[in-house]
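Trainee: model this:
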Amino acid sequence: MISFENTEIAFKNKSNNDLKKAYWLFKIVANPKLVHFGKAATNIALKLRLPIDGFIKKTIFKQFCGGETIRECEKVTKSMAEFGVKTILDYSVEGKISEEDFDATVDEIISTIEAGKKDKNIPFAVFKVTGIARFGILEAANDGLDNLSIKEKKELESVINRIERICKKAFENDQPVFIDAEETWIQNTIDAISTQMMKKYNQKKAIVFNTAQMYRHDRLVYLEKEINLAKSGAYYYGIKLVRGAYMEKERERADKMNYLSPIQPDKASTDKDFDLALELIINNIDTVSLCAGTHNEQSSSYLSELMSDKNIENNDHHIYFAQLLGMSDHISYNLAYKNYNVAKYVPYGPIKEVLPYLLRRADENTSVAGQTSRELDLIEKEKNRRKK
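Mentor: This next block holds a predicted model:
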């Protein structure tokens, strides 16, 4: 059974100064009032056009982002690769709304695919459909195409063409690509397009991966259906498994619009379905390729046990573990030390345009029970070990 307690391995690529900075950053993030104040102050500073880029780049940006460009991320990629941890370049610019911006984002995602083709330490590309499509058109198509106007159908066709450009380039470069999950009221559209792309590009191996958020109570049944569909259609199924990222928003909308919340009743139910999904996937590993995107020690350990029980090699190419840059290094580096396939999501982009991602990251660290205190405990443990 794998242990995540070895902080020497976990923080081997961190200097004493790096640890000190991370410690104080997580200390701040652990305080909801400070996070709220910091967000408000940042937004005010941006409106007043105050020169805060340098401060942000040295603090929260340095902890959770690889750089402003793919080239700037090379240093982080190389540093992690020395310890067996690979990179998933994640262009994290949000809030674009024009067709020109969407096309430019597609070009940037294709650049990450091409970077991965040249560097074995970049095994996947990733994108959010809302980064290359108007949210409203995805929502309009969520319940099917029957109610779409001719204009909307044409817009949706443009969205599918953008996604096709990315998936085709991934196929041509033999570089798998993740399509991120988003809100339930646009997810049906994303799921349908993802399956369409898998049928076309996953004939020989999993190139296109969809994402399942297991805090949804319907995702286990959905996964079973999709795996069976892949088997009957004779294509490979790629899936990134996560717990989820839109819980509060989902519950608020369900309450406001008076429908059953899609979110599990409690964390225990989410954990249970996540682990059942791991079992389902491992039992169908001849058809499915998995990226387990989790910061949960128990689920990471459980997946390693399932692999062992099925005599699956630690570095089997069908299975990857993934965490976010700047978080859960004790999971990432201890897994890599044992020769498991591990990659970190490395967000990048211009500072001001990546700020929404960074502020959401701060919110999530504040709200996830035990996450920040665990990070602080591990950093403290490593600092004490180094002193001795």
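
Trainee: for Ile312, the count of nearby residues, please.
Mentor: Ile312 has 16 neighbouring residues, counting by other CB atoms under 10 Å. For every residue, glycine as well, the C-beta is placed using N, CA and C.

Trainee: am I right that it falls within a strand?
Mentor: No: assignment of Ile312 by DSSP: H, G, I helix; E, B strand; the rest coil gives coil, placing it outside any strand.

Trainee: mind listing what it touches?
Mentor: Ile282, Ile285, Leu306, His318, Ile319 (CB atoms under 8 Å, 6 or more residues apart in numbering).

Trainee: so how far is Tyr337 from Ala10?
Mentor: 9 Å (CB to CB, to the nearest Å).

Trainee: got it, and Ile166?
Mentor: 33 Å.

Trainee: sorry, back to before: want to throw the contacts of Ile312 into TSV with secondary structure, pLDDT and neighbour count?
Mentor: Conversion of the contacts of Ile312 to TSV gives the following (DSSP: H, G, I helix; E, B strand; the rest coil; pLDDT from 0 to 100; neighbours: other CB atoms under 10 Å):
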residue	secondary structure	pLDDT	neighbour count
Ile282	helix	98	19
Ile285	coil	97	16
Leu306	helix	98	18
His318	coil	97	21
Ile319	strand	98	24
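
Trainee: how about those, which pair is most distant?
Mentor: Leu306 and His318 (12.4 Å; CB to CB).

Trainee: give the closest residue to His217 in space, chain neighbours not counted.
Mentor: Distance criterion CB to CB, 6 or more residues apart in numbering; nearest residue to His217, sequence neighbours excluded, is Gln264 at 5.1 Å.

Trainee: check the one you found and give its pLDDT.
Mentor: We have a pLDDT of 96 for Gln264.

Trainee: what's the burial count for it?
Mentor: Neighbours of Gln264 (other CB under 10 Å): 22.

Trainee: surely it and Phe274 touch.
Mentor: No: using CB atoms under 8 Å, Gln264 is not in contact with Phe274; the gap is 9.9 Å.

Trainee: hmm, who's touching stretch 145-154?
Mentor: With CB under 8 Å, 6+ apart, stretch 145-154 has contacts from Ile137, Ala140, Ala141, Leu156.

Trainee: got the end-to-end distance for it?
Mentor: 11 Å (CA to CA, to the nearest Å).

Trainee: list the buried residues of that stretch.
Mentor: Leu148 (16 or more other CB atoms under 10 Å).

Trainee: ok, now which ones touch Ile97?
Mentor: Counted by CB under 8 Å, 6+ apart, Ile97 has contacts Arg134.

Trainee: so is it in a helix, a strand, or just coil?
Mentor: coil.

Trainee: per-residue confidence for Leu145?
Mentor: 88.

Trainee: that one should be in a helix, yeah?
Mentor: No: counting by three-state DSSP, Leu145 is not part of a helix but coil.

Trainee: now it. Its backbone dihedrals?
Mentor: phi -100, psi -10 (degrees, to the nearest 10).

Trainee: try Tyr91
Mentor: Per degrees, to the nearest 10, the backbone of Tyr91 is at phi -70, psi 100.

Trainee: got the contact list for it?
Mentor: Counting by CB under 8 Å, 6+ apart, Tyr91 has contacts Thr105, Glu108, Ile109, Thr112, Phe127, Gly131, Pro347, Tyr348, Gly349.

Trainee: from Pro356, how far off is it?
Mentor: 13 Å.

Trainee: same deal with Met247?
Mentor: 18 Å.

Trainee: coming back round to it: Ile166 and Tyr337: which has the busier surroundings?
Mentor: Ranked by neighbour count (other CB under 10 Å), Ile166 and Tyr337 place Ile166 first, with 23 against 17.

Trainee: pLDDT on the one helix or strand the more buried one maps to, on average?
Mentor: Using DSSP states H and E, Ile166 sits in helix 150-172. In this model, helix 150-172 has an average pLDDT of 97.

Trainee: who does the helix or strand following it pair up with?
Mentor: Using DSSP H and E, the next helix or strand after helix 150-172 towards the C-terminus is strand 177-179. Looking at strand 177-179 with DSSP bridges, its partner strands are strand 124-127 (parallel), strand 208-213 (parallel).
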